[in-house]
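>>> When you get a sec, could you give me coordinates for this:
(one chain, ligands or ions: 1)
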Amino acid sequence: MTSSMSNILVNVSTWENFDIFKWYNITKDKCLSKITMHLIEQLHFVNTLNINRIKLFNFLCDIEKAYHTSNPFHNAIHASDVVQAEFYWVLDPEVSKHMTEIDILSCLIAAACHDVGHPGSTEAFHIKSQSDYAITYNDASVLENFHLATTFKLLKKQNNNWQCDWDIELKREFRSHVISLIFATDINDHHSFLASCHQYIDNDKSFIPGSPNTDESKILRRKLLRDISLKASDLSNPCRPKHIMLEWCRRLISEFAQQGELEKKLGLEVSPMMDPAILDVCKMQIGFVDVVVAPLYYAWVQLAPSAQIPLNQMIDNKSFWLTKQKKEQMNKTNSLVSVTTDINNLSDLNNL
Ligand SMILES: [Zn+2]
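Just a heads-up that it's a prediction; the model follows:
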C-alpha cells in the first residue's frame with residue numbers, strides 16, 4: 001500500500017470525503033481487489049473467519065479481470081464504489097448490531113461480484129436480441145444469474161478457493177446469502193422488493209426497541225438488512241457528492257449510447273434513453289430519483305440512520321437537476337429552439 005493510497009483510504013469510512021475516481025486513478029487495474037481486500041482486513045475477517053488470505057486476493061483479482069474495462073459504467077470502478085458504500089452501511093451500529101460476521105462478509109463479497117462480467121447492455125436488450133445470455137438463463141434475471149454463476153465458478157478454482165478451511169455449513173450459508181444479495185440487485189424486481197420491505201418494517205414488532213425477538217424474526221431481519229444494503233449501495237450514484245454523481249451520470253449515458261449503437265447495427269429498435277441525440281438527461285435523472293432511488297432511501301433510512309447523509313445529498317442533487325431543467329426549458333422557449341440535443345447539454349456537466 002503506497003502513501004497516496006493510504007491518504008485516500010483514510011476517508012473510506014465516510015460518505016462525503018471518499019472519492020472513488022481518485023482511488024481508481026492511483027490503483028487502476030487493482031482498484032477493486034485492493035479496496036475489497038483492505039476493507040475485509042480492516043474488519044479482521046481474515047483471522048476471525050479463517051479465510052485464506054492469498055487465495056482471497058487471487059479470487060478478487062480474477063473477479064476484477066472479469067469486469068470489462070470497455071464498459072464506461074458497469075466496470076470494476078462501479079463494483080469498487082458499491083463495495084465502499086456497503087462498508088459505510090455495515091459501520092452503522094444500527095445495522096451491524098443485527099448482523100453476523102458472515103452476513104457482513106457476504107455483503108462485501110457480493111458487492112464486489114454483483115456485476116462481474118457485465119456485458120454493458122441491459123437485460124431487456126439481451127431478451128430482445130435473444131443473446132446467448134438470454135438463452136442460457138431463459139429470460140429470467142439473465143444478468144444476475146450470469147454474475148452469480150461467474151462468481152461461483154471463479155471461487156471454485158483451486159488458487160481462488162479462500163474458503164478451503166471452512167466447513168460445508170458455513171460455505172452453504174455464504175452461498176445462500178450471496179445468491180439472495182445479487183438477485184436483490186435485479187432492478188426489474190425493485191418495486192416488489194420495496195413493497196415487501198415496507199410490509200416488514202410496518203409489521204415486524206422486533207424493529208421496535210424492547211419487543212421480543214424470535215429466531216425467525218432475527219433471520220428475516222438479517223436477510224432484509226443484507227439485501228436492502230446492497231441495493232442502496234448499487235443505486236447510490238444520485239446520493240454521492242455532486243462531482244461524483246455527475247461523473248457516474250456521464251458514464252451511464254455513454255454506456256447507454258454504446259448500446260444504442262449496437263441496437264442500430266443489429267437492426268433493432270433503439271431502446272428508450274439509448275439515443276443520446278434525443279435523450280433528456282434532466283428528465284432521466286429526476287425520474288430515476290423519484291421512481292427508484294428516493295423510495296429505497298426513505299425506507300433504508302428507517303433502518304440505517306447513517307443513510308441520512310446520502311439522502312440529504314440526493315435531495316441537493318435533485319434540486320440541481322430541477323434548476324438545470326428549468327433553465328433549459330426557459331432557453332428553449334426564449335430562443336424558440338424547437339429541438340436541442342441534450343448531448344450538447346452534457347458538455348455543461350463536464351464544466352461543472
Ligand atoms: Zn451494479
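>>> For the residue in the stretch 51-200 of the chain that the ion sits nearest to, list the residues it contacts.
Ranked by C-beta to the ion, the top residue of the stretch 51-200 of the chain for proximity to the ion is Asp115, at 4.3 Å. No exception for glycine: its C-beta is placed from N, CA and C like everyone else's. By C-beta atoms under 8 Å, 6 or more residues apart in numbering, the contact set of Asp115 is Tyr67, His74, His78, Ala79, Leu143, His147, Thr185.
>>> same question, Cys31
Each residue near Cys31 by C-beta under 8 Å, 6+ apart is listed here: Trp23, Tyr24, Glu64, Ala76, Ile77, Ser80.
>>> wait, doesn't the second one sit right on Ile77?
Meaning Tyr24. Yes - under the contact definition of C-beta atoms under 8 Å, Tyr24 touches Ile77, with a separation of 4.9 Å.
>>> Which one's more surrounded, these two?
Applying other C-beta atoms under 10 Å to Tyr24 and Ile77 shows that Ile77 carries more neighbours, namely 24 against 20.
>>> Establish whether the strand or helix carrying that one and the ion are in contact.
Assigned by DSSP states H and E, Ile77 belongs to helix 76-90. No - judged by C-beta under 5 Å from the ion, helix 76-90 and the ion are separated, with a smallest distance of 5.6 Å.
>>> which residues in the stretch 201-350 of the chain form helices?
Per DSSP state H, counting those that start in this stretch, the stretch 201-350 of the chain carries helices over the ranges 215-234, 242-265, 281-288, 294-303, 308-335, 342-351.
>>> Any chance of TSV for these, columns distance to the ion and mean neighbour count?
TSV is the format used below for the helices of the stretch 201-350 of the chain (distance: least, C-beta to the ion, whole Å; neighbours: other C-beta atoms under 10 Å):
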stretch	distance to the ion	mean neighbour count
helix 215-234	4	20
helix 242-265	11	18
helix 281-288	14	19
helix 294-303	14	19
helix 308-335	16	15
helix 342-351	21	13
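>>> okay if I get those helices as a markdown table plus mean pLDDT?
Putting these into a markdown table (pLDDT from 0 to 100) gives the following:
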| stretch | mean pLDDT |
| --- | --- |
| helix 215-234 | 94 |
| helix 242-265 | 97 |
| helix 281-288 | 97 |
| helix 294-303 | 97 |
| helix 308-335 | 91 |
| helix 342-351 | 51 |
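>>> So what's the gap between the helix or strand where Tyr200 lies and the chain middle?
Following DSSP H and E, one finds Tyr200 within helix 190-203. Helix 190-203 has its average C-alpha position 19 Å from the chain's average C-alpha position, going by C-alpha atoms, centre = their mean, to the nearest Å.
>>> for the helix holding Ile77, which positions count as buried?
Neighbour-count burial for helix 76-90, counted by 16 or more other C-beta atoms under 10 Å, picks out 76-90.
>>> where's Val82 relative to Pro72, distance?
Between Val82 and Pro72 the distance is 16 Å, computed by C-beta to C-beta, to the nearest Å.
>>> Could you do Tyr297 as well?
Taking C-beta to C-beta as the measure, Tyr297 and Pro72 are separated by 25 Å.
>>> The contacts of Asp115 in helices, which ones?
With helices defined by DSSP state H, the entries of the contacts of Asp115 inside them are His78, Ala79, Leu143, His147.
>>> The last one: what's its closest spatial neighbour, skipping adjacent residues?
So that's His147. Closest residue to His147 apart from its sequence neighbours, by C-beta to C-beta, 6 or more residues apart in numbering: Val116 at 5.1 Å.
>>> got a list of what that neighbour touches?
With contacts taken as C-beta under 8 Å, 6+ apart, Val116 has the following neighbours: Ile63, Ala66, Tyr67, Ala79, His147, Thr150, Thr151, Leu154.
>>> any idea how far Ser121 is from the last one?
By that I understand Leu154. Between Leu154 and Ser121 the distance, using C-beta to C-beta, works out to 22 Å.
>>> So the two - more neighbours on which side?
Each of Leu154 and Ser121 has its neighbours counted (other C-beta under 10 Å); Ser121 has more, 24 against 21.
>>> mind listing what the nearest residue to that one once chain neighbours are set aside touches?
The spatial neighbour of Ser121 that comes closest, neighbours along the chain excluded (C-beta to C-beta, 6+ apart), is Gln259 at 4.7 Å. Applying C-beta under 8 Å, 6+ apart to Gln259 gives the contacts Gly120, Ser121, Thr122, Phe125, Ser271, Met274.
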